[in-house]
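Trainee: I'll drop the sequence and a predicted model, then ask my questions.
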Amino acid sequence: MPTFEVVPHRTTVPDWVCEVLSPSTRRRDLVDERRVYREWGVGHFWIVDPAAEILEGFRLTAEGWTLTGTFEGDDTVALEPFAAAPFGLAALWPPLPARDG
């Protein structure tokens, strides 16, 4: 953010938004919020699905959201607008439960 705003809600449109899907908000995140971010002019939109261990990235174009990358599992992510700072996707997933052996 270029300046810190002391307001009840932000008035500056972010360059990037990341939605983490959950079963209770999945439809709203994938349909309603995606549409709102487009209308606001958010430049980049990521969707993280922890259940499927998938990250999808989109860039806003004149035609709408354009998919810029899909990553899964333990892929290394280098994705707009943070392509210069790659990270291991596995860091986002909760650890697997220990198995009794």
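Mentor: Here it is on my side, so go on.
Trainee: with adjacent residues omitted, what lies nearest to E33?
Mentor: Closest residue in space to E33, ignoring its immediate chain neighbours: E19 at 6.2 Å, by CB to CB, 6 or more residues apart in numbering. Bear in mind the C-beta positions are built from the backbone N, C-alpha and C, glycine included.
Trainee: surely that neighbour and D29 touch.
Mentor: Yes. The criterion here is CB atoms under 8 Å, and E19 meets it with D29 at 4.6 Å.
Trainee: what residues are shared contacts of these two?
Mentor: Residues touching both E19 and D29 (CB atoms under 8 Å, 6 or more residues apart in numbering): I47.
Trainee: any stretches of this structure with poor pLDDT?
Mentor: Within the chain, the stretches with pLDDT under 70 are 1-5, 7-10, 96, 98-101.
Trainee: show me the beta-bridge partners of the residue nearest to E33.
Mentor: Per DSSP bridges, the residues bridged to E19 are I47.
Trainee: report how many residues lie close to it.
Mentor: With neighbours defined by other CB atoms under 10 Å, the count for E19 comes to 19.
Trainee: can you name the element that comes right after the helix or strand harbouring R59?
Mentor: Per DSSP states H and E: R59 is located in strand 54-61. Following strand 54-61 in sequence order, the next helix or strand is strand 64-72 (DSSP H and E).
Trainee: now could you export just the CA positions of that next one as PDB?
Mentor: In PDB, the C-alpha atoms belonging to strand 64-72 read as follows (Å, rounded to 0.1, in the frame of the first residue of the first chain):
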ATOM      1  CA  GLY A  64     -11.200 -10.800 -17.900                       C
ATOM      2  CA  TRP A  65      -9.100 -13.200 -15.700                       C
ATOM      3  CA  THR A  66      -6.400 -15.000 -17.600                       C
ATOM      4  CA  LEU A  67      -4.800 -18.100 -16.000                       C
ATOM      5  CA  THR A  68      -1.100 -17.500 -15.500                       C
ATOM      6  CA  GLY A  69      -0.200 -20.700 -13.700                       C
ATOM      7  CA  THR A  70      -1.400 -23.800 -11.900                       C
ATOM      8  CA  PHE A  71       0.800 -25.500  -9.200                       C
ATOM      9  CA  GLU A  72       0.200 -28.500  -7.000                       C
END
